[in-house]
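A.B. asks: Predicted model, plus sequence, below.
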Amino acid sequence: MTSVDSMENGFNATLHASGPATDGGRIPLAELARVASELQATLERLALSINGTLITAGRRPREIVDAVRLDFVGFEPGSAVLKVARTGQSAITGDSLLEESFKALAEGIKAIQGHGHAIPREFTPQVINGLRSLTGGIGARGITRIRVTSSTTSEFEFNAELRTALREIELSLVESEATVVGRLQMGDFSPASLLCRIDTFAGSIQCAFGSEIRDRVLDCMDQLVTATGVAEMQPDGSTIRMLRVSEIEPIASATSRTLAQLTAEQAVHPLKSIDNLATIPLEEAEEFLAAIASARGGDE
């Protein structure tokens with residue numbers, strides 16, 4: 001994909017795809033859509049990281065998406081050379097966030113390929129997973145490499161070497177303090193494991209806990225609880241893989257009581273005789289009934 005300098009001197013980039021799938025200057029439409037969508041998503045993830053925005057599941061902030069959006073603007077002669085450029089309404093900060101994201105992408109890829117660069121901190125697990133998907137279609141029978149040049153960064157390349165290096169990266173689990181609310185289920189209280197499961201509205205979460213709160217967890221079984229601890233996040237950054245519970249409390253809820261329980265709590269006893277019922281003068285009873293009728297709007 002390639003850019004043009006005539007786009008009001010804005011950001012532009014060129015992607016040269018090579019391999020058997022691009023013979024005659026062609027490229028499979030499905031492969032074009034996959035590469036384009038993954039590249040755009042990777043730039044958005046990098047922009048979110050640079051901007052200090054937490055990457056979560058769901059729709060990304062519109063201002064971030066617009067700031068790094070690239071448009072396909074045409075082909076050029078060659079082995080599937082396509083043009084992409086920054087078009088449309090510019091962001092308030094111009095193309096700075098897009099250029100910074102593209103620079104981080106170039107530096108990170110070179111670092112992964114072992115060219116002496118430190119991997120940028122913006123290369124979160126989500127970015128790594130996105131690049132794995134982007135390079136997943138690279139192979140000897142299809143696209144063998146995609147060379148990238150731009151108006152602001154040095155040249156870099158998506159190829160089989162990068163695909164292999166990405167697969168070898170161990171994604172460290174992100175840990176953060178978390179609180180979940182749900183029903184406590186499936187406890188394993190053997191000293192070697194001490195595990196349980198909390199079923200939340202979004203799904204089930206596996207939990208581990210220490211022996212110091214073992215009895216507390218046992219008391220809370222099959223109840224709605226609030227559990228707090230350190231959560232190990234999945235590489236997507238939004239799903240809890242495991243919650244190491246340090247505090248757990250049952251959530252108070254209305255429960256029905258038997259008549260015997262209610263009378264015991266209120267310290268009252270059944271009447272032994274009807275004579276024990278209190279009586280009031282007849283005229284006072286009539287006033288009482290009149291007040292009831294008035295409160296009901298005059299209905300009998």
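C.D. replies: Perfect, I can see it now. Residues are numbered from 1 along each chain as shown.

A.B. asks: who does the longest strand along the chain pair up with?
C.D. replies: Counting residues, the longest strand found in the chain (DSSP state E) is strand 174-188. On the basis of DSSP bridges, the sheet neighbours of strand 174-188 come out as strand 195-200 (antiparallel), strand 224-233 (antiparallel).

A.B. asks: Pipe the ones you listed into TSV and attach distance to residue 243, mean neighbour count and mean pLDDT per row.
C.D. replies: C-beta here means a position set from N, CA and C on the backbone, and glycine is covered the same way. TSV is the format used below for the strands paired with strand 174-188 (distance: least, CB to CB, whole Å; neighbours: other CB atoms under 10 Å; pLDDT from 0 to 100):
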stretch	distance to residue 243	mean neighbour count	mean pLDDT
strand 195-200	7	18	91
strand 224-233	5	18	88
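
A.B. asks: Need those strands in CSV (columns: distance to residue 144).
C.D. replies: Shown next, in CSV, are those (distance: least, CB to CB, whole Å):
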stretch, distance to residue 144
strand 195-200, 45
strand 224-233, 35
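
A.B. asks: now for those, which one comes closest to residue 250?
C.D. replies: strand 224-233 (5.5 Å; CB to CB).

A.B. asks: of all the strands paired with strand 174-188, which lies closest to residue 158?
C.D. replies: Closest approach to residue 158 among those (CB to CB): strand 224-233, 27.0 Å.

A.B. asks: List of residues touching the closest one?
C.D. replies: 173-184, 198, 207, 209, 239-251, 253 (CB atoms under 8 Å, 6 or more residues apart in numbering).

A.B. asks: Next SSE downstream of the helix or strand harbouring residue 63?
C.D. replies: Per DSSP states H and E: residue 63 is located in helix 62-67. Downstream of helix 62-67, the first helix or strand assigned by DSSP H and E is strand 71-76.

A.B. asks: Pull the contacting residues for residue 32.
C.D. replies: residue 82.

A.B. asks: what separates whichever strand or helix holds residue 262 from the chain centre, distance-wise?
C.D. replies: Using DSSP H and E, residue 262 sits in helix 259-266. Remark: helix 259-266 is offset 49 Å from the chain centroid, using CA atoms, centre = their mean, to the nearest Å.

A.B. asks: Dump the C-alpha coordinates for the helix or strand following that helix into CSV.
C.D. replies: Per DSSP H and E, helix 259-266 leads on to helix 282-295 as the next helix or strand towards the C-terminus. Output of helix 282-295 as CSV, limited to C-alpha atoms (Å, rounded to 0.1, in the frame of the first residue of the first chain):
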residue,chain,number,x,y,z
LEU,A,282,-67.3,1.4,70.9
GLU,A,283,-67.2,5.1,70.1
GLU,A,284,-63.4,5.0,69.7
ALA,A,285,-63.7,2.1,67.4
GLU,A,286,-66.2,4.1,65.2
GLU,A,287,-63.7,6.9,65.0
PHE,A,288,-61.0,4.4,64.1
LEU,A,289,-63.1,3.0,61.3
ALA,A,290,-64.0,6.5,60.0
ALA,A,291,-60.3,7.4,59.8
ILE,A,292,-59.6,4.2,57.8
ALA,A,293,-62.5,5.0,55.4
SER,A,294,-61.2,8.6,55.0
ALA,A,295,-57.7,7.3,54.1
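
A.B. asks: now the helices for the stretch 101-250 of the chain?
C.D. replies: 125-135, 160-168, 214-219 (DSSP state H, counting those that start in this stretch).

A.B. asks: most tightly surrounded among those?
C.D. replies: helix 125-135 (a mean of 21; mean count of other CB atoms under 10 Å).

A.B. asks: For it, output the C-alpha coordinates as PDB.
C.D. replies: Provided in PDB are the C-alpha atoms of helix 125-135 (Å, rounded to 0.1, in the frame of the first residue of the first chain):
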ATOM      1  CA  PRO A 125       0.100  -7.600  24.800                       C
ATOM      2  CA  GLN A 126      -2.800  -6.400  22.700                       C
ATOM      3  CA  VAL A 127      -0.400  -4.900  20.200                       C
ATOM      4  CA  ILE A 128       1.700  -8.100  20.100                       C
ATOM      5  CA  ASN A 129      -1.400 -10.200  19.500                       C
ATOM      6  CA  GLY A 130      -2.600  -7.900  16.700                       C
ATOM      7  CA  LEU A 131       0.800  -8.200  15.000                       C
ATOM      8  CA  ARG A 132       0.600 -12.000  15.300                       C
ATOM      9  CA  SER A 133      -2.700 -11.900  13.500                       C
ATOM     10  CA  LEU A 134      -1.400  -9.500  10.900                       C
ATOM     11  CA  THR A 135       1.600 -11.700  10.000                       C
END
